[in-house]
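Student: Predicted model and sequence follow; I will ask about them next.
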Amino acid sequence: MSAAKTDFNDRLLSLGLARVAEQAALASASLVGRGDEKAADQAAVNAMREQLNLLDIAGVVVIGEGERDEAPMLYIGEEVGTGNGPGVDIALDPLEGTTLTAKDMPNALTVIAMGPRGSMLHAPDVYMDKLAVGPGLPEGVVNLDMSPRERVEALATAKGCKAADITVCILERPRHEAMIAEVRETGAAIRLITDGDVAGVMHCAESEVTGIDMYMGQGGAPEGVLAAAALKCMGGQIFGRLLFRNDDERGRAAKAGITDLDRVYARDEMVTADVIFAATGVTGGSLLPRIKREPGWVETTTLLMRSKTGSVRRMSYRTPTWPHDNT
């Protein structure tokens, strides 16, 4: 049977995906707080690639470490896996929060999602205007055409609370200064993050744990697709609109087959079929604990999710640090 016709067996592949995220996290563990972003990222990339190539899949990286000429490994379009198995799309960020890792700040994760071939938006490496809320809310309760104030007020009404009870997560960047000011004028609280907007969006899905009700702002488009894959498993809504600053970026969109440059993508338009998603905590945070190191041992915690069943697992993995075969 050809790879293209082999069913995407999300149940069997999910544990393999968890191992990919785990090993990437373990590879970057010794570089936490060491101030070297590139070394931490490269270690995670190498480990993730090695583990992906052990899986019986015919995988194509659709969201990766940039274009082929910009990334030494796991570039967009790279083929991974043994080639024996289902054709799959892979979206990944081997180390989401390289700066967070280098500085030992919260919420650095290794992140990967997998779905059937053709199931994920091939987002070019440009900015995306994003807006996300958690599950259990009316569809379209907020949208990208609303002002920040209108979003906060609409969400507060839907939740039956005051604007002052809402907390919004926003990436701390100069481009967001007006947005931050407008949100604060409503009385809402803001949790500013320095990096890691996949984790920022995921926080919305577990607001009772994280305290975050909504995410908004401009960040990387590839991370938007990864966040959509996470919310497809966890529940919640995300909307994204690609932003183009120049002809080069518009050219990237054309290369990715995108013709409507003003389109707003909802979650199920960014990720059109059931997916599996894994994330392993590196520096720890509201979603996942940090990698624990003790004499002779290291321990990770991985979030493993399947959108088909809505299952969410938190898995601990403990392994000795003396020389051994961890494949």
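Tutor: Now that the structure is in, tell me what you want to look at.

Student: hang on, residue 195 in a helix?
Tutor: No. With DSSP: H, G, I helix; E, B strand; the rest coil as the criterion, residue 195 is coil rather than part of a helix.

Student: right, and it touches residue 99 too?
Tutor: Yes. The pair residue 195 / residue 99 is scored as a contact, 5.1 Å apart, by CB atoms under 8 Å. Placement of C-beta: from N, CA and C, glycine included.

Student: Any stretches of the stretch 1-150 of the chain with poor pLDDT?
Tutor: Scanning the stretch 1-150 of the chain with the threshold set as pLDDT under 70 gives 1-6, 67-72.

Student: mind running it again at 50?
Tutor: Filtered on pLDDT under 50, the stretch 1-150 of the chain yields the residue ranges 1-5.

Student: which residues in it form helices?
Tutor: Taking DSSP state H, counting those that start in this stretch, the helices of the stretch 1-150 of the chain run over residues 10-29, 37-52, 98-103, 148-159.

Student: Distance to residue 138 and mean neighbour count added to the ones you listed, as CSV?
Tutor: As requested, the helices of the stretch 1-150 of the chain are exported to CSV (distance: least, CB to CB, whole Å; neighbours: other CB atoms under 10 Å):
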stretch, distance to residue 138, mean neighbour count
helix 10-29, 29, 23
helix 37-52, 38, 22
helix 98-103, 34, 23
helix 148-159, 6, 19
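
Student: For residue 237, find the nearest of those.
Tutor: Across the helices of the stretch 1-150 of the chain, residue 237 has its closest neighbour in helix 148-159 (10.8 Å, CB to CB).

Student: Just want the angle from the next helix-or-strand element following that closest one to helix 148-159.
Tutor: Per DSSP states H and E, the first helix or strand lying C-terminal to helix 148-159 is strand 167-171. Angle of strand 167-171 versus helix 148-159, following axes from the mean of the first three to the mean of the last three CA atoms, to 10 degrees, is 140 degrees.

Student: Distance from strand 167-171 to the middle of the chain?
Tutor: Remark: strand 167-171 is offset 16 Å from the chain centroid, using CA atoms, centre = their mean, to the nearest Å.

Student: Which strands and helices lie in contact with it?
Tutor: In terms of contacts (3 or more CB pairs under 8 Å, 6 or more residues apart in numbering; DSSP states H and E), strand 167-171 is packed against helix 177-185, strand 189-193, helix 197-204, strand 214-220.

Student: ok, it: who's next to it in the sheet?
Tutor: Note on strand 167-171: by DSSP bridges, its sheet partners are strand 189-193 (parallel), strand 214-220 (parallel).

Student: relative to helix 177-185, how tilted is the last one?
Tutor: Spelled out, it's strand 214-220. Going by the same axes, to 10 degrees, strand 214-220 makes 180 degrees with helix 177-185.

Student: residue contacts, the closest residue to residue 19 other than its chain neighbours?
Tutor: In space, residue 19 comes closest to residue 51 once its chain neighbours are excluded; the distance is 5.9 Å by CB to CB, 6 or more residues apart in numbering. Residues in contact with residue 51 (CB atoms under 8 Å, 6 or more residues apart in numbering) are 16, 19, 20, 23, 24, 327.

Student: Include distance to residue 314 when you put these into CSV, please.
Tutor: Converted to CSV, these look like this (distance: CB to CB, whole Å):
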residue, distance to residue 314
16, 18
19, 15
20, 17
23, 18
24, 17
327, 23
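
Student: Let me know the closest of these to residue 199.
Tutor: Of all those, residue 199 sits closest to residue 24, with 15.1 Å by CB to CB.

Student: List the residues that contact that closest one.
Tutor: Taking CB under 8 Å, 6+ apart as the criterion, residue 24 is in contact with 44, 45, 47, 48, 51, 94, 95, 110, 112, 280.

Student: I'd say the third one and residue 29 touch.
Tutor: No. Taking CB under 8 Å as the contact criterion, residue 47 and residue 29 are not neighbours in contact, 10.4 Å apart.

Student: overlap in contacts of the two?
Tutor: Common contact partners of residue 47 and residue 29 (CB under 8 Å, 6+ apart): none.

Student: For residue 65, find the nearest of the helices and strands packed on strand 167-171.
Tutor: strand 214-220 (11.6 Å).

Student: and for that closest one, what are the contacting residues?
Tutor: Residues from elsewhere that reach strand 214-220 (CB under 8 Å, 6+ apart): 125-133, 142, 148, 151-152, 155, 166-171, 173, 175-176, 179, 183, 197, 200-201, 203-204, 243.
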